[in-house]
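Enquirer: quick one, what's the 3D model for this:
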Amino acid sequence: MAETFYRKILCIGAGYVGGPTMAVIANQCPEYKVTVVDVNQARIDAWNSSSLPIYEPGLKERVERVRGRNLFFSTAVDEHIAEADIIFVAVNTPTKTFGEGAGKAADLQFLEKTARRIKENSTTDKIVVEKSTLPVRSAEALTTILHSGRNSVRFEVLSNPEFMAEGTAIQDMEHPDRVLIGSMDTPTGLAARDELIRLYSKWVPRERIITTNLWSSELSKLVANAFLAQRISSINSIAALCETTEADVQEVARAVGKDSRIGPKFLNAGVGFGGSCFRKDILNLVYLCEHFQLNEVARFWEQVIAINDYQVDRFIRRVLRSQFTTLVGKKVAVFGFAFKPDTGDTRDAPAIPICRRLLAEKAHLTITDPHAIDSARRDLEGLEGLGGQLSFAADPYEAARGAHAILLITEWKQFLDLDYEKIFDSMEQPASLFDGRNHLDHQALFDIGFNVHPLGKPSLVHI
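Expert: Alright, predicted model coming up:
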């Protein structure tokens with residue numbers, strides 16, 4: 001059976017990038033054998049079960065369609081490295097917490113360990129594809145390691161950054177704006193590039209497959225995330241101004257977004273961006289700029305993060321002011337913990353610092369989220385020691401019962417369909433609702449009896 005496959009693809013790393021990416025490739029390219037490996041046995045077991053380790057709309061259906069046919073999940077890393085023709089590297093590259101560059105630079109220890117493992121277990125030439133988000137010129141380090149020592153095996157390193165957004169990862173992979181492939185401008189580098197073009201061309205129109213040199217490709221991923229985060233911080237800074245001038249940030253965003261040079265995307269004010277990429281990639285960009293002594297450029301991008309942190313702080317202070325500056329013993333229902341809807345991912349979610357601060361104010365928090373309660377438990381473990389109380393509820397009605405305030409942090413569609421009259425009647429009075437995403441009908445909530453505090457627009461308060 002295995003001999004009938006045109007190529008054998010391996011992905012090292014079974015996380016939010018590796019799993020969905022390989023599921024789509026396996027579905028679109030049945031003539032390729034696709035194997036995803038990870039050293040985490042529990043994660044691989046979950047990929048091989050009916051309860052996948054991550055939630056993503058459409059992912060489970062696609063995995064189950066091809067798993068065991070041309071999509072496989074395994075912990076036998078060395079064995080699959082040996083047989084692979086193309087290896088995608090999708091390992092974690094977190095921000096360093098120690099040593100030189102701590103707090104900004106990317107921690108590349110997992111990338112280096114993976115490169116050495118590939119080298120040690122390869123007896124045939126291979127294409128190695130950077131899928132993880134990496135600093136510019138990481139391919140140089142990869143190539144140096146792979147070709148070190150007495151090794152007749154040849155490796156071609158390509159950069160193929162992912163541009164998936166969590167919550168829409170399958171859609172983004174199946175109908176991408178673009179696929180970016182960076183290669184060396186050598187005969188073997190271009191041949192490897194063409195091999196990857198052949199793969200993606202199975203379902204992506206050729207005009208959407210962009211080719212660049214390696215360094216441009218690596219930098220493009222950091223810059224794309226930095227630009228998106230900048231737009232979020234920009235509109236959030238305007239939200240602060242709107243609240244003090246009684247302007248409406250949604251009306252401002254709509255007017256500005258009609259300008260074809262600007263466009264409407266990423267102009268929704270909120271409590272701040274989250275996820276695994278934005279903060280990490282901006283900090284990495286800051287570190288690179290500082291390394292090359294571009295200090296003015298570094299300060300510019302640092303301010304994007306500063307505004308994001310300010311937005312979280314401003315939201316918390318607004319909650320305190322409305323609650324007569326004290327939350328001691330008051331129940332607060334937190335609606336949504338994931339950093340965005342349609343994902344269970346809570347990495348760098350704004351809900352984490354918000355809950356931490358509220359617990360320090362001795363509030364009694366009850367958190368509800370359709371897919372992120374287990375992650376919330378882990379993220380907030382031990383924080384009850386700050387002075388507050390913490391509980392979790394799958395049912396939003398239970399979470400809100402007896403609460404003084406509701407904080408909507410994640411704009412899940414499920415929260416639109418709740419019976420807010422029923423919720424209001426079950427709460428302490430006066431009942432407040434803080435819409436951190438401008439997700440709900442504020443006038444309808446006010447008419448029910450809530451004191452409503454949107455973002456970037458005047459509050460609706462009963463006197």
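Enquirer: for the rest of this, base every contact and every neighbour count on C-alpha atoms.
Expert: Fine.
Enquirer: in stretch 425-435, which residues are buried?
Expert: Across stretch 425-435, burial judged by 16 or more other CA atoms under 10 Å covers 426-428, 431-435.
Enquirer: SS state for I25?
Expert: Reduced to three states with DSSP: H, G, I helix; E, B strand; the rest coil, the structure at I25 is helix.
Enquirer: what's the helix or strand where V256 lies packed up against?
Expert: Assigned by DSSP states H and E, V256 belongs to helix 249-257. With contacts defined as 3 or more CA pairs under 8 Å, 6 or more residues apart in numbering; DSSP states H and E, the packing partners of helix 249-257 are helix 214-245.
Enquirer: the helix it packs on: which residues count as buried?
Expert: Residues 214-222, 225-226, 228-243 are the ones in helix 214-245 that count as buried (16+ other CA under 10 Å).
Enquirer: now the strands: where do they sit in this protein?
Expert: Counting by DSSP state E, the chain has strands at residues 7-12, 32-37, 71-74, 86-89, 126-130, 155-159, 179-183, 209-213, 331-335, 364-368, 389-392, 405-408, 432-435, 451-453.
Enquirer: who wins for proximity to A247 among these?
Expert: Minimum separation from A247 across the strands of the chain (CA to CA) falls at strand 451-453, 13.9 Å.
Enquirer: packing partners for that closest one?
Expert: With contacts taken as 3+ CA pairs under 8 Å, 6+ apart, strand 451-453 sits against strand 432-435, helix 442-448.
Enquirer: wait, L214 sits on A139?
Expert: Yes. If you go by CA atoms under 8 Å, L214 and A139 touch, sitting 7.3 Å apart.
Enquirer: show me the common contact partners of these two, please.
Expert: By the contact definition CA atoms under 8 Å, 6 or more residues apart in numbering, L214 and A139 are jointly contacted by 158-159.
Enquirer: name the nearest residue to L320, ignoring sequence neighbours.
Expert: T326 (6.2 Å; CA to CA, 6 or more residues apart in numbering).
Enquirer: how many neighbours does the one you found have?
Expert: Residues near T326, counting by other CA atoms under 10 Å, number 14.
Enquirer: now E381
Expert: 11.
Enquirer: pLDDT wise, what is it at?
Expert: Listed pLDDT for E381 reads 94.
Enquirer: what are the phi and psi values at it?
Expert: Dihedral pair for E381: phi -60, psi 130, per degrees, to the nearest 10.
Enquirer: how is the chain divided into domains?
Expert: Annotated domains of the chain cover 2-204, 215-463 [automatic domain parsing].
Enquirer: quick one: the helices in the stretch 351-463 of the chain?
Expert: 351-360, 373-379, 396-400, 420-426, 442-448 (DSSP state H, counting those that start in this stretch).
Enquirer: the first one vs strand 331-335, what angle?
Expert: To tie it back to what came earlier, the one meant is helix 351-360. Helix 351-360 runs at 180 degrees relative to strand 331-335, counting by axes from the mean of the first three to the mean of the last three CA atoms, to 10 degrees.
Enquirer: thought I409 was touching N438?
Expert: No. Look at I409 against N438 with CA under 8 Å: they stay out of range, at 9.7 Å.
Enquirer: quick revisit: rebuild the strands of the chain as JSON lines, extending it with mean pLDDT and distance to W301.
Expert: Putting those into JSON lines (pLDDT from 0 to 100; distance: least, CA to CA, whole Å) gives the following:
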{"stretch": "strand 7-12", "mean pLDDT": "97", "distance to W301": "31"}
{"stretch": "strand 32-37", "mean pLDDT": "98", "distance to W301": "35"}
{"stretch": "strand 71-74", "mean pLDDT": "98", "distance to W301": "39"}
{"stretch": "strand 86-89", "mean pLDDT": "97", "distance to W301": "28"}
{"stretch": "strand 126-130", "mean pLDDT": "97", "distance to W301": "25"}
{"stretch": "strand 155-159", "mean pLDDT": "96", "distance to W301": "24"}
{"stretch": "strand 179-183", "mean pLDDT": "97", "distance to W301": "24"}
{"stretch": "strand 209-213", "mean pLDDT": "97", "distance to W301": "25"}
{"stretch": "strand 331-335", "mean pLDDT": "98", "distance to W301": "31"}
{"stretch": "strand 364-368", "mean pLDDT": "98", "distance to W301": "33"}
{"stretch": "strand 389-392", "mean pLDDT": "97", "distance to W301": "35"}
{"stretch": "strand 405-408", "mean pLDDT": "98", "distance to W301": "28"}
{"stretch": "strand 432-435", "mean pLDDT": "98", "distance to W301": "28"}
{"stretch": "strand 451-453", "mean pLDDT": "98", "distance to W301": "30"}
